[in-house]
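Visitor: My questions are about this predicted structure, shown below with the sequence.
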Amino acid sequence: MSEQAGTGPRRILCGKVLSFVRRPTGQGDRESYRFHPNGIVVVEGGRVAAVADAAALDDWRTPGTVVDDHGDRLILPGFIDTHIHFPQTRVIASYGTQLLEWLSRYTFPSEMRYADRDVADAGARFFIAELLRNGTTTAVAYGSSHLGAAEAFFEESERRGTLMLAGKTMMDRNAPEALCDTAESGYRDTTALIKAWHRRGRQRVVVTPRFAITSTPAQLEAAGALARENPDCLIQTHMSENLREIAYTAELYPDRAGYLDVYDHYGLIGPRTLLGHCIHLRPDEIARMSEAGAVAVFCPTSNLFIGSGLFDHDGLERGPRPVRIGLATDVGGGTSYSMLATAAEAYKVMQLKGQTLSALQAFDQITRANAAAIGEGDGIGRIEPGLTADLVVLDARATPAMAHRMEAVDGDLEEELFVLMTMGDDRAVAATYVAGERV
Ligand code: GUN
Ligand code: ZN
């Protein structure tokens, strides 16, 4: 099956076209992006054929070309969410607990429903539609522990033509029996999922042990075997989110030097590893993550909502041993599907740490940098010829309050982006394109 979902006629989008080429150093770093204030994106066969100034429109317009005029709205690469839970759409906004109680009281019961294939099918339809409504065209998702739910997810993603990465969550202890697999069945089901779905079109399977507390040593061993046998698959898990979680992990794995060492011991730490949260890290763990090229995934709305702590963004990214970073919603611990709202909360967490996040850095993170963090930087995350035309169109005047605020913005791109990330959410998403098709 071909990698590309979109076909159809040539399509041209008109608007303000923005795409990043590297990490912005801060405000005013004009070399970090390419911007066409009056631009066009030419799309053919699901891919970007050209990016140009609008003056070139007639050169590209052929009979049958569809032209979508987005006026002075911004056209960006579709957003990428590097950590989200597909079966937690009804867990979002659950009251009054921190991580371990939140899991047992709300999350595990909700995920148990996904044993039912009809629930999983309906859940997958809602989930992917909601992502697209928020301008998110790619996500790295945890499933439930049920193979059928992961299959439902990939079937829906294939139907929508999206590039999605997901795993069947492996968990064989410290959870209700109905949600537990075994070391052996977790291995078998993940292997079956990889055979059926990994790199089938735009779908990718991720090796997904939930976290050390819900996996026996035998299961982490099996996860390590999966990682070894499938060198092309990402690995995702949670780490150092909550102090009680860290203490319990130390009790369960007394022979290991620390939380990271639990995963490292089983061969789960490397450049394909996404570690959700990473709030309470020791210097030696930061050094090891840096050396291994593992990614720390910052989930600000979740970390605030579950009361987990404040991620040390600059301590990781700009420290002596820099760590790769992803940004993510972590719904249903997270409180919004919107990567704009997520960027706003990242900014606030960083303010509380005496750090700042410029609008350029934020929009680079949720597009190009998140694509790089998940190993998909060659195909998505930028608007350049040859890359897939997964795009989002943003309206900085989407609400009365935003339109009012924008009256004070005199054509300055960075200011407009900052208004969008601070005040924007799904209402600011004027259109989403998946492989060149408007959805
Ligand atoms: N740690 C283990 N499982 C989960 C989960 O579902 N959400 C969050 N936020 N942390 C976890
Ligand atoms: Zn999570």
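Guide: Ah, there it is. Numbers count the residues shown, from 1 in each chain. Ligands and ions are numbered 1, 2, ... in the order given.
Visitor: tell me the contacts of residue 340?
Guide: When contacts are counted by C-beta atoms under 8 Å, 6 or more residues apart in numbering, residue 340 touches 134, 135, 420, 421, 424, 425, 428. Every C-beta, even on glycine, is put in place using the N, C-alpha and C of the backbone.
Visitor: rerun at 7 Å
Guide: Contacts for residue 340 (C-beta atoms under 7 Å, 6 or more residues apart in numbering) come out as 420, 421, 424, 425, 428.
Visitor: The fourth one touches residue 341, doesn't it?
Guide: Yes - distance between residue 425 and residue 341: 4.9 Å, which falls inside the contact criterion (C-beta atoms under 7 Å).
Visitor: And these two? Which one has more around it.
Guide: Between residue 425 and residue 341, counted using other C-beta atoms under 10 Å, residue 341 has the larger neighbour count: 23 against 19.
Visitor: Can you tell me the SS state at that one?
Guide: helix (DSSP: H, G, I helix; E, B strand; the rest coil).
Visitor: Can you check what pLDDT the model gives it?
Guide: On pLDDT, residue 341 comes in at 99.
Visitor: Could you shift the numbering so residue one becomes 39, and keep it that way?
Guide: From this message on, residue numbering opens at 39, which makes the last subject residue 379.
Visitor: List the residues that contact it.
Guide: Contacts of residue 379 by C-beta under 7 Å, 6+ apart are 339, 463.
Visitor: at 6 Å what do you get?
Guide: Contacts for residue 379 were tallied using C-beta atoms under 6 Å, 6 or more residues apart in numbering; they are residue 463.
Visitor: how much space between it and ligand 2?
Guide: From residue 379 across to ligand 2, the span is 17 Å (C-beta to the ion, to the nearest Å).
Visitor: distance of that residue from residue 461?
Guide: Applying C-beta to C-beta, to the nearest Å, the value for residue 379 to residue 461 is 9 Å.
Visitor: In the longest helix along the chain, which residues are buried?
Guide: Assignment by DSSP state H gives helix 155-171 as the longest helix of the chain. Buried residues in helix 155-171, counted by 16 or more other C-beta atoms under 10 Å: 157, 158, 159, 161, 162, 163, 165, 166, 169, 170.
Visitor: same question for it, mean pLDDT?
Guide: On average, helix 155-171 scores 98.
Visitor: which residues sit in contact with the spatially most central residue of the chain?
Guide: Geometric centre of the chain, nearest residue: residue 119, 1.6 Å, by C-alpha atoms, centre = their mean. Counting by C-beta under 6 Å, 6+ apart, residue 119 touches 174, 177, 366, 367.
Visitor: in which helix or strand would I find residue 294?
Guide: Following DSSP states H and E, one finds residue 294 outside all helices and strands.
Visitor: gap between it and ligand 1?
Guide: As judged by C-beta to the nearest ligand atom, to the nearest Å, residue 294 and ligand 1 stand 18 Å apart.
Visitor: Residue 227 against residue 185, yeah?
Guide: Yes - counting by C-beta atoms under 6 Å, residue 185 is a contact partner of residue 227 at 4.3 Å.
Visitor: Point out the residues in the stretch 339-477 of the chain that sit beside ligand 2.
Guide: residue 368 (C-beta under 5 Å from the ion).
Visitor: which stretches of the stretch 339-477 of the chain form helices?
Guide: 351-355, 377-390, 397-402, 408-411, 438-444, 451-461 (DSSP state H, counting those that start in this stretch).
Visitor: and the longest one, does that touch ligand 1?
Guide: Just to be clear, that refers to helix 377-390. No - Helix 377-390 lies apart from ligand 1 when judged by C-beta under 6 Å from any ligand atom; the minimum separation is 13.7 Å.
Visitor: now that helix against helix 451-461, angle please.
Guide: With axes from the mean of the first three to the mean of the last three C-alpha atoms, to 10 degrees as the basis, helix 377-390 and helix 451-461 are set at 90 degrees to each other.
Visitor: related to what we said a few turns ago, which neighbours do residue 227 and residue 185 have in common?
Guide: Joint contacts of residue 227 and residue 185 (C-beta under 6 Å, 6+ apart) are residue 206.
Visitor: Can I get the contacts of residue 119 in CSV including pLDDT and neighbour count?
Guide: Output for these, formatted as CSV (pLDDT from 0 to 100; neighbours: other C-beta atoms under 10 Å):
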residue, pLDDT, neighbour count
174, 99, 28
177, 99, 28
366, 99, 28
367, 99, 30
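Visitor: Kindly confirm my reading that residue 258 is in a helix.
Guide: Yes - the assignment for residue 258 (three-state DSSP) places it in a helix.
Visitor: Who's the closest spatial neighbour of it, skipping the chain neighbours?
Guide: residue 304 (4.2 Å; C-beta to C-beta, 6 or more residues apart in numbering).
Visitor: mind checking how far the one you found is from residue 165?
Guide: According to C-beta to C-beta, residue 304 and residue 165 sit 30 Å apart.
Visitor: Specify which member of the contacts of residue 378 is nearest to ligand 1.
Guide: Of all these, residue 463 has the smallest distance to ligand 1: 20.5 Å, by C-beta to the nearest ligand atom.
Visitor: Can you give me the pLDDT of the closest residue to that closest one other than its chain neighbours?
Guide: Once flanking residues are discounted, residue 463 sits nearest to residue 376: 4.2 Å by C-beta to C-beta, 6+ apart. Here the pLDDT value assigned to residue 376 is 99.
Visitor: is it true that residue 376 touches residue 172?
Guide: Yes - with contacts counted by C-beta under 6 Å, residue 376 reaches residue 172, the gap being 4.7 Å.
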